[in-house]
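Colleague: no FASTA, just this:
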């Protein structure tokens, strides 16, 4: 049986040696690890327990011998659902900004552009990270109308904590003042500042 | 002769703290001083004590010192000083004056190393606007250095462990992994790049993060040091009587921290911190073992962890990024008190 001598070593060295041996061992193969340090022993057994690895310990004259058998880790599926069935907000906010410069996505057929934009806004909620802010200018402000096709999705994103800035000049220009009730009406300085301070600005 | 302080210690920085479980037992045996002017004491395991002078001024008082975390004496001085003033920032204060605390093996190291440590400390203190007005030294091996710092804070603007509120987002301002990288360095496993990055993280003052907290009127925060992210979050959850969820995949890491832990490079302090926290913590079953242990990695001069109302999180993040803390991100959230204080998710 292979023996790994970690006597005289302190953590994390014994764990590194043990992990390496575990990786190299075949399934069912056993090996021994020696340690003369109580703390290292405690940490090693804790490490093995947490990684669901079988072991036994013997002590002689201040030296512990761990006999470790490599088993295939069986993933414990139980209770995962229980953990996930919580109302904890799972989303996380990133640092990027999305700039809506038009109510359509891309350049081309208008109908397609509207459809793509609706799909894009729906997809934002499923991103790994939500944007820090979303800014709307020129015809982008149309998306924020009460009767817009995407308004429900936008409201939901806003509820998740994403700040929305709508260009007030644009809202006035398109005479939408009575029809926009989402986000904050904002000036160009705020919008420029939001974009300038973000590492990434996405323009759909 | 090239001086290498790391040769002298087995665990440096905040890894050298007394195990948290033991410390808690010890602190229980001590009477809490009673005085209406004491606004914060160790009852809530806060970063510093706060004493009210009058209605407009309170003093934040703290000390931290530890054995070397790097080879170079000057850099060690810088890191120790940045770490010492951090507690004042974490409480919403402005550090003002400090005393040097030095334990130095006069017979084992040349005086040059002594001077370099103090010079590093003085330069960092001066960057923080702190005047060092004295100190104390003892002949001792291995060397240890740090500051006792006094800061000002408005008595109604103190930021504490007890200020986490359900619905808050948790924002972390520095990446994790200093404990892992330093242990890896000692064993020759960490790359030079990772060590340089870890040192830069440790030398970075929490001053800019603290400015953002003040701007938004944040009331709950701590800095992440020896008890690891999960250990400090647990102390905060207990002090605030709330539960906290951490999403470990969202937590930014220094360089190759993850791959080092995957090789088994788990410092002893992580096991101590885990042991302290586990009775109050719940780990989602499919939580990656390496990420779990990273949550307990002892940090030296770690970042601020702030509790930010959800509707301000986006603004706070963009301000932190503008202030140069570009890895700042939301890594978890605060809920009403549930069965456990701490929930670790993937």
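Modeller: Alright, I've got the coordinates. What you see is a predicted model; the values in this text were computed from it and never measured.
Colleague: which stretches of chain A have low pLDDT?
Modeller: A:72-93 (pLDDT under 70).
Colleague: ok, which stretches of it are strands?
Modeller: Across chain A, reading from the start of the chain, the strands by DSSP state E fall at A:2-5, A:30-35, A:54-60, A:63-69, A:97-100, A:133-136, A:163-167, A:184-186, A:201-202.
Colleague: Next, the angle from the third one to strand A:30-35.
Modeller: For the pair strand A:54-60 and strand A:30-35, the angle between their directions (axes from the mean of the first three to the mean of the last three CA atoms, to 10 degrees) equals 40 degrees.
Colleague: and strand A:54-60, which residues are buried?
Modeller: Neighbour-count burial for strand A:54-60 flags residue A:55 (criterion: 16 or more other CB atoms under 10 Å in any protein chain shown). Every C-beta, even on glycine, is put in place using the N, C-alpha and C of the backbone.
Colleague: before we move on, could you check phi and psi at the residue in chain B that chain A sits nearest to?
Modeller: At 3.3 Å from chain A, residue B:264 is the closest residue in chain B, using CB to the nearest CB. Reported as degrees, to the nearest 10, the phi and psi values for residue B:264 are phi 100, psi 0.
Colleague: ok, now which ones touch it?
Modeller: A:12, A:15, A:16, A:17, A:18, A:19, A:20, A:47 (CB atoms under 8 Å, 6 or more residues apart in numbering or on different chains).
Colleague: ok, and the most crowded of these?
Modeller: Per-residue neighbour counts (other CB atoms under 10 Å in any protein chain shown) across the contacts of residue B:264 peak at residue A:12, which has 31 neighbours.
Colleague: For it, list the residues it contacts.
Modeller: The contact partners of residue A:12, taken as CB under 8 Å, 6+ apart, are B:183, B:187, B:264, B:265, B:266, B:267, B:268.
Colleague: now the nearest residue in space to the residue of chain B closest to chain A that is not next to it in sequence: how far from residue A:12?
Modeller: Taking CB to CB, 6 or more residues apart in numbering or on different chains as the measure, residue B:264 lies nearest to residue A:19, with 3.3 Å between them; neighbours along the chain are not counted. Separation of residue A:19 from residue A:12 (CB to CB, to the nearest Å) stands at 9 Å.
Colleague: what does residue B:35 give?
Modeller: Residue B:35 sits at a distance of 44 Å from residue A:12 (criterion: CB to CB).
Colleague: Show me what stretch B:335-346 is in contact with.
Modeller: Residues outside stretch B:335-346 that contact it (CB under 8 Å, 6+ apart): A:83, A:88, A:90, B:166-167, B:230, B:233-234, B:237-238, B:241-249, B:277, B:280-284, B:286-288, B:291-292, B:295.
Colleague: any idea of the pLDDT on residue B:75?
Modeller: Looking at residue B:75, its pLDDT stands at 96.
Colleague: Wait, a helix at it?
Modeller: Yes - read with DSSP: H, G, I helix; E, B strand; the rest coil, residue B:75 is one of the residues of a helix.
Colleague: show me what contacts it?
Modeller: Each residue near residue B:75 by CB under 8 Å, 6+ apart is listed here: B:120, B:199, B:203.
Colleague: is any part of the longest helix along chain A close to chain B?
Modeller: For chain A, the helix that runs over the most residues, judged by DSSP state H, is helix A:110-124. No - contact between helix A:110-124 and chain B, assessed by CB under 8 Å from any CB of the partner chain, is absent, since the two come no nearer than 13.5 Å.
Colleague: So which elements touch that helix?
Modeller: helix A:151-159 (3 or more CB pairs under 8 Å, 6 or more residues apart in numbering or on different chains; DSSP states H and E).
Colleague: Is the helix it packs on in proximity to chain B?
Modeller: No - Helix A:151-159 stays out of contact with chain B when judged by CB under 8 Å from any CB, the minimum separation being 9.2 Å.
Colleague: helices or strands next to that helix in the packing?
Modeller: helix A:110-124, strand A:163-167.
Colleague: Present the ones you listed as JSON lines; the columns should include distance to residue B:104.
Modeller: Formatted as JSON lines, the helices and strands packed on helix A:151-159 follow (distance: least, CB to CB, whole Å):
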{"stretch": "helix A:110-124", "distance to residue B:104": "57"}
{"stretch": "strand A:163-167", "distance to residue B:104": "51"}
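Colleague: out of these, deepest packed?
Modeller: Among the helices and strands packed on helix A:151-159, the stretch with the highest mean neighbour count (mean count of other CB atoms under 10 Å in any protein chain shown) is strand A:163-167, at a mean of 22.
Colleague: Residue of chain A closest to chain B, please.
Modeller: Going by CB to the nearest CB, chain B is nearest to residue A:19 of chain A, at 3.3 Å.
Colleague: Quick check: the gap between that residue and residue B:114.
Modeller: Distance, residue A:19 to residue B:114, by CB to CB: 40 Å.
Colleague: How about residue B:282?
Modeller: When distances are taken as CB to CB, residue B:282 and residue B:114 turn out to be 48 Å apart.
Colleague: just residue A:103 next, same as before
Modeller: Residue A:103 sits 68 Å away from residue B:114, taking CB to CB as the criterion.
Colleague: do the same with residue B:168
Modeller: As judged by CB to CB, residue B:168 and residue B:114 stand 44 Å apart.
Colleague: Could you do residue B:333 as well?
Modeller: Using CB to CB, one gets 46 Å for the distance from residue B:333 to residue B:114.
Colleague: Looking at the two, which is more packed in?
Modeller: When residue B:333 and residue B:114 are compared on other CB under 10 Å, the one with more neighbours turns out to be residue B:333, at 25 against 19.
Colleague: what residues are up against residue A:70?
Modeller: If you count contacts by CB under 8 Å, 6+ apart, then residue A:70 has A:22, A:25, A:26, A:27, A:28, A:29, A:30, A:53 around it.
Colleague: if you skip the residues just before and after it, what's nearest to it?
Modeller: Once flanking residues are discounted, residue A:70 sits nearest to residue A:25: 4.2 Å by CB to CB, 6+ apart.
Colleague: Could you double-check that the one you found sits in contact with residue A:31?
Modeller: Yes - under the criterion of CB atoms under 8 Å, residue A:25 makes contact with residue A:31 at 6.1 Å.
Colleague: okay, and the common contacts of those two?
Modeller: The overlap between the contact sets of residue A:25 and residue A:31 (CB under 8 Å, 6+ apart) consists of residue A:2.
Colleague: These two: which is more packed in?
Modeller: Neighbour totals were compared for residue A:25 and residue A:31, and residue A:31 leads with 18 against 15 (other CB under 10 Å).
Colleague: How many residues are close by the closest residue to the more buried one other than its chain neighbours?
Modeller: Closest residue to residue A:31 in three dimensions, ignoring its sequence neighbours and counting by CB to CB, 6+ apart: residue A:2, at 4.2 Å. Neighbouring residues of residue A:2 were enumerated by other CB under 10 Å; the total is 11.
Colleague: I'd guessed residue A:2 sits against residue A:18; true?
Modeller: No - shown here, residue A:2 and residue A:18 do not form a contact pair, counting by CB under 8 Å, at 11.5 Å.
Colleague: which residues do the two both contact?
Modeller: Looking at what touches both residue A:2 and residue A:18 (by CB under 8 Å, 6+ apart), there is no common residue.
Colleague: so how far is residue A:1 from the most far-flung residue of chain A relative to its centre?
Modeller: Relative to the centre of chain A, the most outlying C-alpha is that of residue A:61, 48.8 Å out, by CA atoms, centre = their mean. Residue A:61 sits 20 Å away from residue A:1, going by CB to CB.
Colleague: Ok, residue A:161 next?
Modeller: Here residue A:161 is placed at a distance of 56 Å from residue A:1 (CB to CB).
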